[in-house]
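Visitor: Give the three-dimensional model of this entry:
(chains A and B)
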2 protein chains.
Amino acid sequence: MPDALPHIVILGGGFGGLAATRALAGARARITLVDRHNHHLFQPLLYQVATAGLAAPSIAAPLRQILRRQRNVTVLMDEATGIDLANRRVQLHRERLDYDWLVVATGATHAYFGHGDWAADAPGLKSLDDALAIRRRVLTAFERAEQEDGASRQAWLNFVVVGAGATGVELAGTLAEIARRTLAGEFRRAQPSAANILLVEAGPRVLAAFDPVLSAKAQRQLERLGVQVRLGQAVTAVDDQGVTLGDERIAARTVLWAAGVAASPLGRALDAPLDRAGRVLVQPDLSLPGHPEVFVVGDLASVMQDGRPVPGVAPAAKQMGGHVGGLLAACLRGDRRPRPFRYRDAGSLATIGRMAAVAQFGRLRLSGLFAWWVWLGAHIWFLIGFRNRLVVMLDWAMAYWTQARHARIITGRDQPGDDARDR
Amino acid sequence: MPDALPHIVILGGGFGGLAATRALAGARARITLVDRHNHHLFQPLLYQVATAGLAAPSIAAPLRQILRRQRNVTVLMDEATGIDLANRRVQLHRERLDYDWLVVATGATHAYFGHGDWAADAPGLKSLDDALAIRRRVLTAFERAEQEDGASRQAWLNFVVVGAGATGVELAGTLAEIARRTLAGEFRRAQPSAANILLVEAGPRVLAAFDPVLSAKAQRQLERLGVQVRLGQAVTAVDDQGVTLGDERIAARTVLWAAGVAASPLGRALDAPLDRAGRVLVQPDLSLPGHPEVFVVGDLASVMQDGRPVPGVAPAAKQMGGHVGGLLAACLRGDRRPRPFRYRDAGSLATIGRMAAVAQFGRLRLSGLFAWWVWLGAHIWFLIGFRNRLVVMLDWAMAYWTQARHARIITGRDQPGDDARDR
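Guide: Reported below is the predicted structural model:
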């Protein structure tokens, strides 16, 4: 590939960055895709890895394998540490890249609202490493309960999930199923069914992004699974022994964090106005104000449409990436019209347990078993790679019939006597 | 279960300990099985996890799930730190167990021959964590090569495997296939096919446990895959930049260790004579000299038969565990005859690459494609659990046709800028 071709640097290989890259297939440009991981991750199913239903490789595929045949792309496993807008340069850990166009798609993570020190005791769920760490904690908690008595045992059987968005609801519902069904009959001293799963939400309802009718249905489905839902309660303290909700202290050795949104810190390097969560306020065509050669897509972009924010979900990121990729492809052909981005809402889905979900498509509202089948089909369909789809289907078919969870493997733990590493 | 029943403590849930536990199904005894991991591991396929062919959960199953229906067993995820033979007590990290009978099956690991400090730069392969660490190093090495030039790049493309037993041969052969086939066409700057795979063995031939004719065939198959086999050469130094073989320095950022045998340190707590590798010299019935209530099975036991040592392989461990389990079951029925253990050699198998293996069954010697089919069938058959068999078959069928390796996921690495953690 001659160096004279324009150079497009894309930061982030999630849904947004990958869609932008793919939309540039065949374009006369050099494209460099940079991601800190070697894989694209199907984030909507990450909670299944965290709860031992799926193996990590089932929801991830190497970026360079996905893009093997797209010859204009170079994939680098590295991370941007700074952006020099004036000189059009990106600094990585191991090299520096000059760009003609830049697409920033480094996403967002959860927010501890100024309590970053809670992260060690209340891990969040964004990467495969997060999921494996949560899997280790959850499975280890039941193992420890088997070797403790009384209140110490119960503290290992108490689980608190903070935040009742889709991830929090999915985690809490699955934890309840693990305790009541998967582990039933496998312990001789402790009773996994004595586990308490507490879902804490500061707002007035679960799944706030959905219609209030569906929020109420989701809450009933959670409660039927045995999850205690606490609405309008904010966590005021977290440590390795539990959480505090206002005046109430709850002993729980396992606390999982699924609240808030904090955009990638790279947004601050862009010299542009940010919203409260650190998302970049982009132009209608997703470019950076004052820098038509820089675009921001996915969860890092703050986009208003018809007076409402475009949600931070996978389909929106894909659409933004595709939009910018298409726009750049047109530019490379000499067609430089600005095109505003327009989000097409394909509907929202959230699952609650083994056979329940809620879904809304435009004015259509679904809940219960039928919504679950829709959820299942959609998620398997959008999983990258035929093999992954097949294995995930197989895992779920087996899990559905046997109630087992095949990835119940504790890894990343060398010293069983070391409490700090156990956690 | 009344406490008055005799208590059998089994340390280790590998092939030996699990076979002993299962042989006691229905016995009138309390059985406590202790393992530092929550899972039984199908070790013969561990190299496939290390080389990204299989996901970790595909070759592991939770011990308490396997033993769910065996109501006389309590499974504890813990580790023995000491054994008090006089008072018949085992100290774990979190509790103390009194026993009437004790079965020690804590296995063996690789040996660095007095150079324990090499472990950080030349990791071995015994647990799932080891396999995931090796997978991370191997995949990361190719990623780093893409961002380096000249000699630095080549050092990331040089791989040294120390020890040419079954594990070393399997690792080296698979690394060669990854470099030549799996990654072909996926890098834009580096050439994965420029990788050098060096298999270093201090002894005079590869697969020393096999017939010399098969050793020679295995070596030719390795060389056909592009592996450089160095026989009669011992490693004299290892650091994070490479290895030294006598006078020769080899730059290699990835060194894997598959040499030597060091028995579990628990053997030293047994107050019995040990062999050079630290294995316990047991009585013909596998009991401890002077302690008929204590048995040692699997890789920790040193057993001579017809003037030759019983090999440290999975079938031998299974047979020893089954023998001791059966012996204790007979004791519990009041039949206390001593029964000497007798190893039945079911044959040996080792695989070299995608379509080659060597096998020997008594006087029968096989090599090449047919041996590979035998190897494949045997390994899938003995994998625990129907689901695992199915998924492994699916993975292999896909890998066979596409040459892809589906578990090419780098995990356990949070800071891509941190060289120490990259490695």
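Visitor: CA atoms for contacts and neighbours, from now on please.
Guide: OK.
Visitor: So what's the residue count around the residue nearest to residue A:90 when sequence neighbours are not counted?
Guide: Excluding its sequence neighbours, the residue lying closest to residue A:90 (CA to CA, 6 or more residues apart in numbering or on different chains) is residue A:83, at 4.6 Å. Other residues within reach of residue A:83, judged by other CA atoms under 10 Å in any protein chain shown, total 21.
Visitor: Which residues outside whichever strand or helix holds residue A:83 are in contact with it?
Guide: According to DSSP states H and E, residue A:83 maps onto strand A:80-84. Residues from elsewhere that reach strand A:80-84, judged by CA atoms under 8 Å, 6 or more residues apart in numbering or on different chains: A:11, A:34, A:89, A:90, A:91, A:92, A:93, A:266, A:269, A:270.
Visitor: which stretches of the stretch 51-200 of chain A form helices?
Guide: A:63-66, A:128-146, A:150-157, A:166-177 (DSSP state H, counting those that start in this stretch).
Visitor: Export the first one to PDB, keeping only CA atoms.
Guide: C-alpha atoms of helix A:63-66 as PDB (Å, rounded to 0.1, in the frame of the first residue of the first chain):
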ATOM      1  CA  LEU A  63     -10.000  -8.000  15.300                       C
ATOM      2  CA  ARG A  64      -7.300  -9.100  12.800                       C
ATOM      3  CA  GLN A  65      -9.100 -12.300  12.100                       C
ATOM      4  CA  ILE A  66     -12.400 -10.300  11.400                       C
END
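Visitor: How far off centre is that helix?
Guide: 20 Å (CA atoms, centre = their mean, to the nearest Å).
Visitor: what's the spacing between the residue of the stretch 101-250 of chain A found nearest chain B and residue B:67?
Guide: Residue of the stretch 101-250 of chain A nearest chain B, by CA to the nearest CA: residue A:186 (5.0 Å). Distance of residue A:186 to residue B:67, given as CA to CA, to the nearest Å: 8 Å.
Visitor: Repeat that for residue A:195.
Guide: On the measure of CA to CA, residue A:195 and residue B:67 end up 22 Å apart.
Visitor: The two: which has the busier surroundings?
Guide: The residue with more neighbours, out of residue A:195 and residue B:67, is residue A:195; 24 against 19, by other CA under 10 Å.
Visitor: Identify the residue nearest the more buried one in space, chain neighbours excluded?
Guide: residue A:157 (4.5 Å).
Visitor: close enough to count as contact, that neighbour and residue A:194?
Guide: Yes: under the contact definition of CA atoms under 8 Å, residue A:157 touches residue A:194, with a separation of 7.0 Å.
Visitor: Could you check which of the two is surrounded by more residues?
Guide: Using other CA under 10 Å, the more surrounded residue of residue A:157 and residue A:194 is residue A:157, with 28 against 13.
Visitor: ranges for the helices of the stretch 301-423 of chain A?
Guide: A:314-332, A:369-382, A:386-402, A:419-422.
Visitor: hey, which of these is tucked in deepest?
Guide: helix A:314-332 (a mean of 22; mean count of other CA atoms under 10 Å in any protein chain shown).
Visitor: quick one: low-confidence ranges for the stretch 301-423 of chain A?
Guide: A:384-388, A:390-391, A:398-404, A:406, A:413-423 (pLDDT under 70).
Visitor: change it to 50
Guide: A:413-423 (pLDDT under 50).
Visitor: Number of residues surrounding residue A:7?
Guide: If you count neighbours by other CA under 10 Å, residue A:7 ends up with 18.
Visitor: To clarify, my last question referred to residue A:191.
Guide: 20.
Visitor: residues contacting it?
Guide: residue A:184.
Visitor: ditto for residue A:11
Guide: A:17, A:33, A:34, A:35, A:79, A:80, A:102, A:103, A:104, A:105, A:106.
Visitor: Phi and psi next, for residue A:346.
Guide: With angles defined as degrees, to the nearest 10, residue A:346 sits at phi -90, psi 0.
Visitor: name the element residue A:221 belongs to?
Guide: helix A:212-225.
Visitor: Name the residues of that helix that come out as buried.
Guide: Residues A:214, A:215, A:217, A:218, A:219, A:221, A:222, A:225 are the ones in helix A:212-225 that count as buried (16 or more other CA atoms under 10 Å in any protein chain shown).
Visitor: and the next element down the chain from that helix?
Guide: strand A:227-231.
Visitor: partners of that following strand in the sheet?
Guide: According to DSSP bridges, strand A:227-231 has the following sheet partners: strand A:196-201 (parallel).
Visitor: in the strand it pairs with, what counts as buried?
Guide: A:196, A:197, A:198, A:199, A:200, A:201.
Visitor: Looking at the residues you listed, which two lie furthest apart in space?
Guide: A:196 and A:201 (16.1 Å; CA to CA).
Visitor: Let me know the closest of the contacts of strand A:80-84 to residue B:255.
Guide: The closest of the contacts of strand A:80-84, once distances to residue B:255 are taken by CA to CA, is residue A:93, at 24.2 Å.
Visitor: That closest one contacts residue A:77, correct?
Guide: No: applying CA under 8 Å, one finds residue A:93 not in contact with residue A:77, separated by 9.9 Å.
Visitor: These two: which has the busier surroundings?
Guide: Taking other CA under 10 Å, residue A:93 and residue A:77 do not tie; residue A:77 has more neighbours (24 against 15).
Visitor: my guess is the more buried one meets residue A:37, correct?
Guide: Yes: using CA under 8 Å, residue A:77 is in contact with residue A:37, at 6.0 Å.
Visitor: Now do the phi/psi pair for residue A:258.
Guide: phi -140, psi 40.
Visitor: what number of residues lie near residue A:180?
Guide: 18.
Visitor: Same question for residue A:58.
Guide: 25.
Visitor: cool, residue A:94 as well?
Guide: Residue A:94, neighbours per other CA under 10 Å, totals 15.
Visitor: In which helix or strand does the residue nearest to residue A:73 when sequence neighbours are not counted reside?
Guide: Closest residue in space to residue A:73, ignoring its immediate chain neighbours: residue A:31 at 4.7 Å, by CA to CA, 6+ apart. Per DSSP H and E: residue A:31 is located in strand A:30-35.
Visitor: I'd like to know which elements that strand is packed against.
Guide: strand A:7-11, helix A:15-23, strand A:73-77 (3 or more CA pairs under 8 Å, 6 or more residues apart in numbering or on different chains; DSSP states H and E).
Visitor: possible to save those as CSV with mean pLDDT?
Guide: What follows is these, written out as CSV (pLDDT from 0 to 100):
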stretch, mean pLDDT
strand A:7-11, 98
helix A:15-23, 97
strand A:73-77, 98
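Visitor: For residue A:122, find the nearest of these.
Guide: Per CA to CA, nearest to residue A:122 of these: helix A:15-23, 26.1 Å.
Visitor: contacting residues around that closest one?
Guide: With CA under 8 Å, 6+ apart as the criterion, helix A:15-23 contacts A:10-12, A:31, A:33, A:40, A:73, A:103-105, A:297-298, A:314-315, A:317-326, A:329.
Visitor: one more time with 6 Å, if that's ok
Guide: Residues outside helix A:15-23 that contact it (CA atoms under 6 Å, 6 or more residues apart in numbering or on different chains): A:105, A:297, A:298, A:317, A:318, A:321, A:322, A:325, A:326.
Visitor: Stretch A:127-140 too?
Guide: Outside stretch A:127-140, the residues that reach it (CA under 6 Å, 6+ apart) are A:49, A:50, A:51, A:125, A:410, A:423, B:411, B:412.
Visitor: what residues does chain A put near chain B?
Guide: Chain A comes close to chain B at residues A:57, A:64, A:68, A:74, A:93, A:129, A:186, A:188, A:407, A:411, A:412, A:417, as judged by CA under 6 Å from any CA of the partner chain.
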